[in-house]
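> Sequence and predicted structure below; questions after.
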Amino acid sequence: MKRRSIGLLLVMFLIFGCVFGNNVNVAQAATNTYKPTEISDVLTNPYMGLVPMATRKDYSQPHSMVYAQLLWKDFEPTKGNYDFASFEKANNFDYWRSKGVKINIRFYMDLPGSSSHKDIPQWLYDKMGSNKGTSYNYGSEGKGFSPNYEDSYLLERHNLAIKALGNRYNNDDSIAFIQLGSLGHWGEWHCWPYEKADGGPSGVFPGKKVQEQIINDYLTYFSAEKLTMRRPTTLAKNNNMGLFNDMFGDKQSLEASGWGWMSQINNGYTDDVDIPQPAMKDWWKTATSGGEFANGDPGMYLTSSTINETLRQLEVGHTSWLGPCCPASNEASQTYINKLLVKMGYRFVLKSVSHSDTATPGSEVSVSMKWTNKGVAPFYRQWPVRLGLANSNDVVTYTTLTEDIRKWLPGEEKSVSGKLIVPSTVTAGEYTLVVAIIDPATGNPGINLAIKGKRSDGWYALDKIKVSGSSSGSSSSSGSSSSSGSSSGSGSGSSSGSTSGTINWDNIAAVTSSTSQSALSVKVTNDSKYFYMRIDGTNLGGNSEIFLDSDNKAATGYIDSKWPLAGMDYMVEKGKLYSHSKNDSSWNWTKVSSAEISVTYKSNYIELKLAKSVLGNSIGLSFKDVDSSWHVVSTLPWSGNYAYYKMK
């Protein structure tokens, strides 16, 4: 009896100790499931929607892209002199960039108009061979000049013109897409009508060799994800290029056997010069689908009798954007315009989120979500999903998940899970769980979700989480946010050292970590003058490389396949600081001699001290452990996004 009483008391002690003890962990906390309220509003989101002409600013309909047409004669008025200034001024580049509106560009050699003219430069025409091309008059379809695309001098200068465009715009985040418009009337890769109004041919479309040479000019100087074509080709398929339909809304042009846009995409076809071209049936799953309304009149496809067919064509073509012929200035009933805009492109809905309702500083909160895409197309950029904790003023910490939203196909439900790391510096109190999809070019939320709860900072407020227990960090819960660039860890820290500069790294949480490689954790902090970084591990190599994205933008700096969302502006190697001026993956680094830097290399840790003035307030960072033979042994973060730190 005595033993049973003692045992019972022990069990009761353990139960009450777990329930009322100070250390409440995730495993003991209740799990809440929160279901956001879905909305039916028109959402203005990047890389989708209406694409009106960039030459105007007074559009009544919301839009995130504009269209800029570039005639070769205007772009290169004299040989080798590319007039970007006039092109960008006429198309209001500065204005659109200030509004965050992206730009589609199509390059023309032949754009039919109301009067006789040429769209290639006069100096080019003068130096071409004896067969310069064909002047045409189509009557109501327009007048113009179809150049001889086989001319060797034209092809040589075309390559240089596209090179100039690529050098200027390939790494420009404000340029959404480059439409391959070099060949054919209207830049549509055909010479229809095939006869002039007064008889005779309207121009000669080139053979396979020239077609592929023109396409390769673009592929050489632009990333394939920016390129779109009028119809399928072998190079478009092999390089995962997007497609656009310039006769959107016209059912016959969509489905007619042999020449209909979707017929060619689904079945392949033989082009105007009898070249077999492949099908690209599932291109929309990985590359954009766009176009513009047919016949110069979007309103005729947005009526009570045509709207259902228009919406069906959105689904069949998985269309993300339409323009420049589009209803951007109320060319139709607002009711039907809204139906178009709500269905077009991607539309992300967070259906539910389940999470622990309590946490302690230094713990992890397990979160699982269910998302669905109610649009007709995916999103085609690798933008990260972030989970965070926020107070009324700020997001105080967040974690970047490894989820790839490019795989969120229409109609599918996606289960997404991750761990939100609560840094030891977060003070006790009630916080809001928040979520956002981040634009890597800005580091800020970039996609509007079809749910309620959007905050003024672009994050979406979800449910509440109570953080209890003591904090070893600052006394204010509204301090600077910090996070992990992967789901492996998150945290922040401030310098707790003395005036001698010694830092107590034990009180600073890792921004990224691992348990199964030579590099185990990365910690960062700063004071008023210096940025500090420490990498802990085992057998760390002296050739190791520290990468720093000083402006937190992918559009500047070195691009590494391990962290494709980062543009690393600086690298530290062998105690020296180097900068990278281009936005590419070339190993072209320039030594920076003016920055104050010191690095300590040990087998179990590496410490960096760098003048804070070199860096911005929000930086990305990553690390490669490299051995004596320059082989990469391990990386942090392992892959995906980079780690992130916000200066204090």
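Yep, that arrived.

> which non-adjacent residue is nearest Ala461?
Gly453 (4.4 Å; CB to CB, 6 or more residues apart in numbering). Quick note: C-beta positions are derived from backbone N, CA and C, even for glycine.

> Leu235 falls within a strand, correct?
No. Under DSSP: H, G, I helix; E, B strand; the rest coil, Leu235 falls outside any strand and is assigned helix.

> What distance do you get for it to Gly184?
16 Å (CB to CB, to the nearest Å).

> The residue nearest to Ala461 contacts Leu462, doesn't it?
Yes. Using CB atoms under 8 Å, Gly453 is in contact with Leu462, at 6.7 Å.

> Quickly list what's touching both of the two.
Residues touching both Gly453 and Leu462 (CB atoms under 8 Å, 6 or more residues apart in numbering) are Pro36.

> Between these two, point out the one with more neighbours.
Leu462 (25 against 18; other CB atoms under 10 Å).

> Please name the nearest non-neighbouring residue to the more buried one.
Leu433 (4.5 Å).

> Look up the residues forming beta bridges with the one you found.
Leu389 (DSSP bridges).

> So it is in contact with Leu387, correct?
Yes. Between Leu433 and Leu387 there is a contact at 7.0 Å, judged by CB under 8 Å.

> where do the contact lists of these two overlap?
Common neighbours of Leu433 and Leu387 (CB under 8 Å, 6+ apart) are Val367, Leu420.

> more crowded one of the two?
Neighbour totals were compared for Leu433 and Leu387, and Leu387 leads with 29 against 22 (other CB under 10 Å).

> could you pull out the helices for the stretch 201-350 of the chain?
Assigned by DSSP state H, counting those that start in this stretch, the helices in the stretch 201-350 of the chain fall at 208-221, 234-238, 251-255, 261-267, 307-317, 334-343.

> Keeping just the C-alphas, turn the first one into PDB.
Presented in PDB, the C-alpha positions along helix 208-221 are these (Å, rounded to 0.1, in the frame of the first residue of the first chain):
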ATOM      1  CA  LYS A 208      14.800  26.400 -91.300                       C
ATOM      2  CA  LYS A 209      18.400  27.500 -91.100                       C
ATOM      3  CA  VAL A 210      17.500  31.200 -90.900                       C
ATOM      4  CA  GLN A 211      14.600  30.600 -88.500                       C
ATOM      5  CA  GLU A 212      16.900  28.800 -86.100                       C
ATOM      6  CA  GLN A 213      19.600  31.500 -86.500                       C
ATOM      7  CA  ILE A 214      17.100  34.200 -85.500                       C
ATOM      8  CA  ILE A 215      15.900  32.200 -82.500                       C
ATOM      9  CA  ASN A 216      19.500  31.400 -81.400                       C
ATOM     10  CA  ASP A 217      20.300  35.100 -81.500                       C
ATOM     11  CA  TYR A 218      17.700  35.500 -78.700                       C
ATOM     12  CA  LEU A 219      18.700  32.400 -76.800                       C
ATOM     13  CA  THR A 220      22.300  33.600 -76.800                       C
ATOM     14  CA  TYR A 221      21.600  36.900 -75.200                       C
END
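
> List the contacts of it.
Residues contacting helix 208-221 (CB under 8 Å, 6+ apart): 149-150, 155, 158-159, 162-163, 165-167, 170, 178, 180, 182-183, 206, 227, 229, 233-236, 239, 273, 275.

> how about it: buried residues?
In terms of neighbour count (16 or more other CB atoms under 10 Å), helix 208-221 has its buried residues at Val210, Gln211, Glu212, Ile214, Ile215, Asp217, Tyr218, Leu219, Tyr221.

> now swap in stretch 576-585 and tell me
Here stretch 576-585 shows Leu577, Tyr578, Ser579, His580, Asn583 as buried, counting by 16+ other CB under 10 Å.

> export those to TSV and tack on secondary structure and distance to Tyr558?
As requested, the buried residues of stretch 576-585 are arranged in TSV below (DSSP: H, G, I helix; E, B strand; the rest coil; distance: CB to CB, whole Å):
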residue	secondary structure	distance to Tyr558
Leu577	strand	13
Tyr578	strand	9
Ser579	strand	9
His580	coil	4
Asn583	coil	8
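
> is it possible to export the residues you listed to a markdown table including distance to Trp408?
Output for the buried residues of stretch 576-585, formatted as a markdown table (distance: CB to CB, whole Å):
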| residue | distance to Trp408 |
| --- | --- |
| Leu577 | 40 |
| Tyr578 | 38 |
| Ser579 | 37 |
| His580 | 32 |
| Asn583 | 27 |
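
> who touches the spatially closest residue to Ser363 that is not a sequence neighbour in this structure?
Nearest residue to Ser363, sequence neighbours excluded (CB to CB, 6+ apart): Val422, at 5.4 Å. Going by CB under 8 Å, 6+ apart, Val422 touches Ala359, Thr360, Pro361, Gly362, Ser363, Glu364, Val365, Leu389, Thr397, Val467.
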